[in-house]
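**Student:** Predicted structure and sequence below. I'll ask about it afterward.
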Amino acid sequence: MWIDDLILKRMAEPIAQWCWVPEDPHVILGASNRADTEIDEEACLRDNVPVLKRYGGGGTVVLHSGCVIVSVGLWVKSPYQNQLYFQLLNQAIIKGLAAWDPACGVLSQNGISDICIGSKKIAGTSLFRSKHYLLYQASILVDPNLHLIERYLKHPSKEPTYRLNRSHSDFLSSLHEFLGKTPSSSEISQFLSLTLRTIIEDLLKDHLLPPQPDHFAALEARVKRNSEFHNDP
């Protein structure tokens, strides 16, 4: 199963955005991740926790009610420049959070694409590309259940240099820990739903394209190939 399909079905929109809070725990594998390497499959099976995949890269994560998930699909001029687009879209997330609480303005990018407070990760992000189409996803840790993360995820097979082999509980932070209060995931999700698109349009205005109908079929074929190649988590 896949987590990206709802946004990809909206490829005819200039910018398709979805901010949401998971009701129940889900384990999400990156496109190249293997379940037997990254997760405790027996624990997931015992607890009836679904294991899904995303088309984008990055590591395996646990989504639950202590997270806010942001998915953005858009059309961009360059079929390359992934690092630039990571930086701009991560900056959009930081600006959106800073508009909600100005203290979040000190958040920064670390590693390939993580959003951090100091040396601790507060959000993970990923990209899926099909020529001029880009699907960006961010998982923002608002008030995470570290017990669930430790229970379902093994130590990642690949990690950013700045992680320094730290455990999940030592490596991850949250808006709760950083701000010293317990914010509402639904409040943040609703706020970003209202503000993020304008921020993205402003930051990426020189890079955006209108939807490209000539590429719809190629994108659909790319998604189909990914689904077939990664059929089993």
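**Tutor:** It's in.
**Student:** How many residues are close by residue 149?
**Tutor:** When neighbours are counted by other CB atoms under 10 Å, residue 149 registers 21. Quick note: C-beta positions are derived from backbone N, CA and C, even for glycine.
**Student:** what about the helices in this protein?
**Tutor:** 5-8, 35-38, 41-46, 82-100, 146-152, 168-171, 175-179, 185-203, 216-229 (DSSP state H).
**Student:** now the first one: how far from the chain's centre is it?
**Tutor:** What it means is helix 5-8. 14 Å (CA atoms, centre = their mean, to the nearest Å).
**Student:** which strands and helices sit next to that helix?
**Tutor:** Applying 3 or more CB pairs under 8 Å, 6 or more residues apart in numbering; DSSP states H and E, we find helix 5-8 packed against strand 15-20, strand 67-75, helix 216-229.
**Student:** one step back: export the helices of the chain as JSON lines, with columns for distance to residue 67.
**Tutor:** Below are the helices of the chain laid out as JSON lines (distance: least, CB to CB, whole Å):
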{"stretch": "helix 5-8", "distance to residue 67": "17"}
{"stretch": "helix 35-38", "distance to residue 67": "18"}
{"stretch": "helix 41-46", "distance to residue 67": "17"}
{"stretch": "helix 82-100", "distance to residue 67": "13"}
{"stretch": "helix 146-152", "distance to residue 67": "10"}
{"stretch": "helix 168-171", "distance to residue 67": "14"}
{"stretch": "helix 175-179", "distance to residue 67": "10"}
{"stretch": "helix 185-203", "distance to residue 67": "7"}
{"stretch": "helix 216-229", "distance to residue 67": "24"}
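**Student:** Kindly reformat the ones you listed as TSV containing mean pLDDT and distance to residue 64.
**Tutor:** Below are these laid out as TSV (pLDDT from 0 to 100; distance: least, CB to CB, whole Å):
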stretch	mean pLDDT	distance to residue 64
helix 5-8	83	19
helix 35-38	96	17
helix 41-46	96	13
helix 82-100	97	19
helix 146-152	96	6
helix 168-171	96	13
helix 175-179	96	14
helix 185-203	97	9
helix 216-229	74	25
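**Student:** Tell me which of the ones you listed sits nearest to residue 68.
**Tutor:** Proximity to residue 68 (CB to CB) singles out helix 185-203 among the helices of the chain, at 4.8 Å.
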